[in-house]
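In: A predicted structure for the sequence below; I have some questions about it.
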Amino acid sequence: MSSRESNRRKYVGQEVRRKESADALVGGAEYLSDIRLPRMAYAGLVRSPYAHARIKNVDLSGARNSPGVIAVYSGDDLKRATKPLAPFPFTAQQPYSSKYPKLRFADHYCLATDKVRHVGEAVAVVVAEDRYRCADAVQEVRADYEPLPVMVDAEKAMTHPQKIYEDWDNNIQYEYRFSEGPVAELLRKSHAVVKETFNLHRYTGTPMEGRGVIADFNRPKNLLTVWDSTQIPHALPNLILESLGREDVKIRVVCPRIGGGFGIKWGFHSEEVLIPWLSLTLERPIAWWETRSEHMVASHHSREQKITVEAGFSASGEITAIKGRVIVDLGVAYPCGGTSLAFVTANFIPGPYRVSNYEAEAYGVVTNKSASGVLRANGKVESNYVMERIMDLAARRLNLDRAEIRRRNFVPPDAFPYTCVTGSIYDSGRYGECLTKAVELAGVSSLREDIAKAAREGRYRGIGIGFMLEPLSSLRPNAYNSGYETAQIRVDQVGKAWIVSGDVNMGQAHQTTLSQIVADELGIDINDIEVFEGDTALLSSNSGSYACRFSTVTTSAAIMAARTIREKMLKIAGHLLQVDADRLDIMGGIISAPDGKTSITVKEVANIAYYSVNRLPKGMEPGLFGHRFFFNPNTSFTADEKGRSANFSTYPYAAHVAYVEVDPGTGQIKILKYVTVDDCGNQVNPMVVRTQLTGGIACGIGGAIYEELVYDEDGQLANSNFSSYLIPSMLEMPNLELHHMITPMPFTPGGFKGAGEIGAIGPSLTLASAVEDALTPLGIKVIDLPLKPEKVWRLIHEATKGGKAGAT
Amino acid sequence: MKSVHIETTINGKPYTFDVPARLLLVDLIRDKAGLTGTHVACDTGNCGACTTIFNGVSVKSCQVLAARADGATIGTVEGLRTANGLDPIQEAFWDCDAAECGFCTSGMLMTAVAFLADNPDPSEDEIRSAFKGNLCRCTGYLNIIKAVQRAAALRRASPARSGA
């Protein structure tokens, strides 16, 4: 960075208070369910109580006669009027073929037609004048079902003759294979082989605001406006129109303020077609937002995988080869990101380690559960978990220190950019330094004395250490609508900047951080900037808010757009001031020459750019406008001959150390200390980074210990509200010690990598490591998740054959 | 459907409604009074996003019938700000980055109002216990704990304000 560039950094790196909080703190933020339109009617869905059943009959007459009801429709009505839901573009890799990855799609209409395939699948919709009468009428719909055998085990479903989709030859929706090097031979010759099968449980991001859609068809304008609590507004116009089978209407999708997403709103859902169809049909604004119990049974879940890893090690702890088998329980085959779970997990099991010989097979298997979409750090929570467990177990087997075996295998700092075995290109990193720092800051050596003391008192304390690599800013091979982002900026006639990006505002402080970045580029005050996001009428395209794409790609497009404007402002100023434009700088809204005396304000230049165009340099177009696109760096759209592809642009990483006590009587885990060192590259706003990391860790702790969606063998979800599905409260959240390293992303102008997701990866692998360490006297291995008290207690109980662990 | 007549005070302003007897207080506040800063996130009284101050006590307004509002005094997030600016609780939440998506924030603020009125100098454990019925999915709570501590300090420094 030149000194002049660093002078320009007034806001980036500062702990600026969030712009977004200004309205949220006074109750003024407008979320989807706060929108009221004249003549707005409300839709309610009738949902299946069966996990798998043939629909014999749906009797709508009672609902039609219910007070306040405007219309009632069943799946047959929708099948006649619309097309199946369009395939999800982000996973539309290749048609099902002999080549890998194989992927196929199922025909789902926005209401179930002949069959229901999970509890909560909608079979009918009621539209009424208000939500109360809508809920009454939903109760009046009589649907008759003929129950069918239910499949809830993905591994069994792979070979089971009972098929969930009759026209498929089996229950496998997605299949991917990868092979590099003589893996079988190397495993055979390895000094030690660690092999485990991990059962990772199903849970959900369940944001505080559920999903919702409002549609308003304006016939005179032939314009359908759809307000949607979604992470992918710019993907939806295509998907909605294709699913409606309509090309004759214009469609605008608008994201209001979003009450959290976490990946659950990254997907294509049936209501996003149904509600627009109702508005087109009834020519009234139609609103629907889900209840929490609807959300739990019918919105996307994630994380459920069965992963087998076999890893070979040399006597000194170097990895020789890895073999992985990944089975993802997809639930039903709705258009969402679930299949990418299998792909991402299989691609990144080798993680931060130098691995040259790797073989993987991955399957996405359909079952009679709600669809599995994505969730914060999608597939990477799982890939890092299994690899870190393997590293701990290998350390134990080889009698090596857990940090040391990792350090012996890390990709070294001088190897970047590093092409990993499956083809992705890691941008930068200092992994060993990060882990060493975390171990030192946690005071691991002094904690050992504390553990020995606790042991003398019959208590089980232990230290968990974990390292995580998070591939971010994703691109799927052959998926369209991905691989770049765009931003447009306009400086108006009074010198204020208006930024439009296609991301969505769901808590990541985009408006604040984008304002910080652009204020520095333009040399103006941060309060002279306004940011608009998530409105397809304002911007041509964007692939959505996921995988921290904002930090890497959107900020880059915004920086380039701002620089386009900056150059033009300097040219105009140079022309007016009779100074070479290269010698001018902008600070505090003033463009000045090195002498400090010759100057002109941004406001004056802006006014001239629009209203005194005769004063512009000869031939220059009026206006101050920048609209730029930025490609995902270091990615490839197609796989090479070996099946390798570069799927992510940037790779932040972190090390976590946890100190815990396990109560052998109850299986409860108490987190006594939690220390992290992360490297998310340059930080736009360190306060926001800390908040994002903290929230990610809370999500990770929830998934590690408390949150589990429990399906019984009949496919009934046992916990569909916050009384029984436990997300961490303030009582469960430990205090954290967050530390940072900064290794800038080398391939973007801002050097940012993203901090929104990596926190979610650490807790499960670090706490599993800590519990295993605490229970060392009992020789317990921690393999499966979650670490619920009941499950930890069972591990202890089995290891002590029912005897009291406290007595050993 | 039976209708009930309600005369109530919300954020110091009188309101009169005739509403169905089964209407929930949160829907009275959001749909009839038009104060959409109070949110609904769980429908079961677990999450606290709908917390309001009802006759001086924090209640989850999705668990109360609107009919109970007759003769009552209700405070919502919209009533926290005055002509002099934000309440210290709001300032503290802002300073401490205690709101991300913002959906739970109104409920957190209202719980803080009632809690700090009872306990002007709380310990961290007391805060954790008092907020266990307010769920947040974004922040991981630690900034909210800091914000409540900071708000308490700000209020002790200038005790004039007592919130809704």
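Out: Thanks, I have the structure now. Residues are numbered from 1 along each chain as shown, chains lettered A, B, ... in the order given.

In: going forward, measure contacts and count neighbours with C-alpha atoms only.
Out: Will do.

In: If I look at whatever residue of the stretch 351-500 of chain A ends up closest to chain B, what pLDDT would I see?
Out: Closest to chain B within the stretch 351-500 of chain A is residue A:376: 11.2 Å, counting by C-alpha to the nearest C-alpha. Here the pLDDT value assigned to residue A:376 is 96.

In: just checking, it touches residue A:260?
Out: No - Residue A:376 is beyond contact range of residue A:260, at 11.1 Å (criterion: C-alpha atoms under 8 Å).

In: follow-up on the earlier one: what's the burial count for the residue of the stretch 351-500 of chain A closest to chain B?
Out: Residues lying near residue A:376 (other C-alpha atoms under 10 Å in any protein chain shown) number 27.

In: In three-state terms, label the closest residue in space to it that isn't next to it in sequence for me.
Out: Nearest residue to residue A:376, sequence neighbours excluded (C-alpha to C-alpha, 6 or more residues apart in numbering or on different chains): residue A:262, at 5.1 Å. When classified by DSSP: H, G, I helix; E, B strand; the rest coil, residue A:262 comes out as coil.

In: Quick check: phi and psi at residue A:262.
Out: When read as degrees, to the nearest 10, the backbone of residue A:262 gives phi 60, psi 20.

In: what sits against it?
Out: Contacts were defined as C-alpha atoms under 8 Å, 6 or more residues apart in numbering or on different chains; by that measure residue A:262 touches A:205, A:206, A:207, A:375, A:376.

In: Most neighbours among the residues you listed, which one?
Out: Counting by other C-alpha under 10 Å, top hit in those: residue A:375 with 31 neighbours.

In: Pretty sure residue A:267 is one of the things that one touches, is it not?
Out: No - in this structure, residue A:375 is not within contact of residue A:267 by C-alpha under 8 Å, at 10.8 Å.

In: any idea which element residue 58 lies in?
Out: No chain was given, so I picked chain A. strand A:53-59 (DSSP states H and E).

In: please go with chain B instead
Out: Residue B:58 belongs to strand B:57-60, assigned by DSSP H and E.

In: Where does the record place the domain boundaries for chain A?
Out: A:3-28+A:484-631, A:410-475+A:642-807 (automatic domain parsing).

In: Quick one: those domains as JSON lines, columns for distance to residue A:288 and mean neighbour count too.
Out: Output for these, formatted as JSON lines (distance: least, C-alpha to C-alpha, whole Å; neighbours: other C-alpha atoms under 10 Å in any protein chain shown):
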{"stretch": "domain A:3-28+A:484-631", "distance to residue A:288": "19", "mean neighbour count": "21"}
{"stretch": "domain A:410-475+A:642-807", "distance to residue A:288": "19", "mean neighbour count": "21"}
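
In: Which among these is found nearest to residue A:126?
Out: In terms of C-alpha to C-alpha, the element of the domains of chain A nearest to residue A:126 is domain A:410-475+A:642-807, at 22.3 Å.

In: That closest one vs chain B: in contact?
Out: Yes - for domain A:410-475+A:642-807, a contact with chain B is found by C-alpha under 8 Å from any C-alpha of the partner chain, at A:687-688, A:691-692, A:694-699, A:721-723, A:727-731, A:733, A:735.

In: Can you give the distance of that domain from its chain's centre?
Out: Relative to its parent chain, domain A:410-475+A:642-807 has a centroid offset of 17 Å by C-alpha atoms, centre = their mean, to the nearest Å.

In: before we move on, what about stretch A:154-162?
Out: With C-alpha atoms, centre = their mean, you get 29 Å for stretch A:154-162.

In: longest helix of the chain?
Out: No chain in the question, so chain A it is. Secondary structure of chain A per DSSP state H: the longest helix is helix A:555-577.

In: To clarify, I was referring to chain B.
Out: Ranking each helix of chain B by length (DSSP H) puts helix B:142-157 first.

In: Can you give me the distance of the residue nearest the centre of chain B to chain A?
Out: Most central in chain B under C-alpha atoms, centre = their mean is residue B:110, positioned 2.5 Å from the mean C-alpha point. The gap separating residue B:110 from chain A is 11 Å, by C-alpha to the nearest C-alpha, to the nearest Å.

In: Now do the same contact list for that residue.
Out: For residue B:110, the contact set (C-alpha under 8 Å, 6+ apart) comprises B:51, B:52, B:53, B:58, B:76, B:77.

In: tell me the two of those residues that are most distant?
Out: B:58 and B:77 (11.9 Å).

In: Look up the residues that both of those two are in contact with.
Out: B:52, B:110.

In: Look at the two and report which has more neighbours.
Out: Taking neighbours as other C-alpha under 10 Å, residue B:58 and residue B:77 compare with residue B:77 leading, 29 against 21.

In: Show me the shaky parts of chain B.
Out: B:159-164 (pLDDT under 70).

In: Let me see the confidence value for the residue of the stretch 51-200 of chain A at minimum distance from chain B.
Out: Residue nearest to chain B within the stretch 51-200 of chain A (C-alpha to the nearest C-alpha): residue A:132, separated by 8.3 Å. pLDDT for residue A:132: 98.

In: ditto for the one 3 residues further on
Out: As predicted, residue A:135 sits at a pLDDT of 98.

In: My guess is it contacts residue A:44. True?
Out: Yes - with contact defined as C-alpha under 8 Å, residue A:135 reaches residue A:44; the gap is 6.5 Å.

In: Low-confidence ranges, the stretch 1-150 of chain A, go.
Out: For the stretch 1-150 of chain A, the ranges with pLDDT under 70 are A:1-8, A:91-100.

In: Give me the phi and psi for the residue nearest to the centre of chain B.
Out: The phi/psi pair for residue B:110 (degrees, to the nearest 10) is phi -70, psi -40.

In: how close does it get to residue A:256?
Out: Residue B:110 is 24 Å from residue A:256, where distance means C-alpha to C-alpha, to the nearest Å.

In: residues contacting residue A:768?
Out: Counting by C-alpha under 8 Å, 6+ apart, residue A:768 has contacts A:389, A:464, A:782, A:783, A:787.

In: What helices and strands are in contact with the single longest strand found in chain A?
Out: Longest strand of chain A, by residue count under DSSP state E: strand A:319-331. With contacts defined as 3 or more C-alpha pairs under 8 Å, 6 or more residues apart in numbering or on different chains; DSSP states H and E, strand A:319-331 has these neighbours: helix A:154-159, helix A:183-189, strand A:305-313, helix A:338-348, strand A:358-366.

In: Note down every partner strand of the third one and its orientation.
Out: Just to be clear, that refers to strand A:305-313. Paired with strand A:305-313 in the same sheet, following DSSP bridges, are strand A:192-200 (antiparallel), strand A:319-331 (antiparallel).

In: Let me see the domain layout of chain B.
Out: If you go by automatic domain parsing, chain B breaks into B:3-77, B:88-157.

In: Those domains: which one's closest to residue A:230?
Out: The nearest among those, by C-alpha to C-alpha, is domain B:88-157 at 13.4 Å.

In: can you give me the end-to-end distance of that closest one?
Out: With C-alpha to C-alpha as the measure, what separates the two termini of domain B:88-157 is 10 Å.
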